[in-house]
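A.B. asks: Got a predicted structure here, sequence first:
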Amino acid sequence: MASPFKLSADGIEEQFATNHLGHFAFTKVLLEAILKGDRPRIVNLTSDYHTKAPQPQGIRFESINDEKSMSSWDRYGQSKVSNILFSKQLDKLYGDKIFVNSVHPGKIRFVKTELTRGPVASTGAWVKPFLEVIKHFAALDVQDGVLTQLYAATSQDIETKSLKNRYFVPIAVDATETELIALGKNDQLAQKLWDFSEALVAEKIGSSI
């Protein structure tokens, strides 16, 4: 989260590579097996910080690797809206066979984990006490921070209510209509991200998946 600008070993901006592209490639490799499952599910972890994705594009495809095009927080928001759009396109392509949903696990942004290492490294040591105060008083304990993911992965509600392409927030609240921004519902942007991701993975590993 909001780590200093850096390129991955494959030459891709690190937050986009880690938070979105790695998940994209991993899921694509597993799809054949997932589709053989009995009412399978895919749960993608995102964040309410998707609301801070760069405006108006949401994803700056042409300048993903340009250090000066975005702040560390912009890049984080971009990666998080990418998680939601990835879920959206997965649902479009496989929603008749797979229950795909997105989950924001935190409260007041995050769960009490080591996630705050990123902004501390990119912004400076002064931010650490501030984040620790927020973490202590407002962030969710890890035990509670996993509940919404577990709901999306295991609850019978997902099947009985046919909950697909939804955006859940703590704890197990469907906030698709109230907290998901328009960029996260954009069909054209979801398709563009999918095509961009496929091409980028093919370029980096030398074949499509």
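C.D. replies: Arrived safely. None of the values given here were measured: they were computed from a predicted structure.

A.B. asks: Just give me the neighbour total for S207.
C.D. replies: Other residues lying near S207 total 8 when counted by other CB atoms under 10 Å. For glycine as for every other residue, the C-beta is placed from the backbone atoms N, C-alpha and C.

A.B. asks: pLDDT at L140, what is it?
C.D. replies: As predicted, L140 sits at a pLDDT of 72.

A.B. asks: Hmm, P105 and it touching each other?
C.D. replies: Yes: contact criterion CB atoms under 8 Å: L140 and P105 qualify, at 7.3 Å.

A.B. asks: where along the chain do the strands fall?
C.D. replies: With strands called from DSSP state E, the chain shows them at 41-45, 99-103, 167-169, 173-174.

A.B. asks: ok, so what distance separates A53 from K36?
C.D. replies: Going from A53 to K36 by CB to CB, to the nearest Å gives 34 Å.

A.B. asks: So for the helix of greatest length in the chain, what gets flagged as buried?
C.D. replies: Longest helix in the chain by number of residues, with DSSP state H as the criterion: helix 72-94. Under the neighbour-count criterion of 16 or more other CB atoms under 10 Å, helix 72-94 has 72-91, 94 buried.

A.B. asks: could you check the angle strand 41-45 makes with that helix?
C.D. replies: Here the directions of helix 72-94 and strand 41-45 differ by 170 degrees (axes from the mean of the first three to the mean of the last three CA atoms, to 10 degrees).

A.B. asks: could you say what helices and strands helix 72-94 packs with?
C.D. replies: Helices and strands touching helix 72-94, by 3 or more CB pairs under 8 Å, 6 or more residues apart in numbering; DSSP states H and E, are helix 14-16, helix 22-34, strand 41-45, strand 99-103, helix 117-123, helix 187-205.

A.B. asks: swap the cut-off to 10 Å and go again
C.D. replies: Packing partners of helix 72-94 (3 or more CB pairs under 10 Å, 6 or more residues apart in numbering; DSSP states H and E): helix 14-16, helix 22-34, strand 41-45, strand 99-103, helix 117-123, strand 167-169, helix 187-205.

A.B. asks: between the second one and helix 187-205, how big is the angle?
C.D. replies: It refers to helix 22-34. Going by the same axes, to 10 degrees, helix 22-34 makes 90 degrees with helix 187-205.

A.B. asks: contacts for helix 22-34?
C.D. replies: Contacts to helix 22-34, defined as CB atoms under 10 Å, 6 or more residues apart in numbering, come from residues 8, 10, 12, 16-17, 40-42, 44-45, 79, 82-83, 86-87, 89-90, 93-94, 97-98, 100, 193-194, 196-198, 200-201, 204-205, 208-209.
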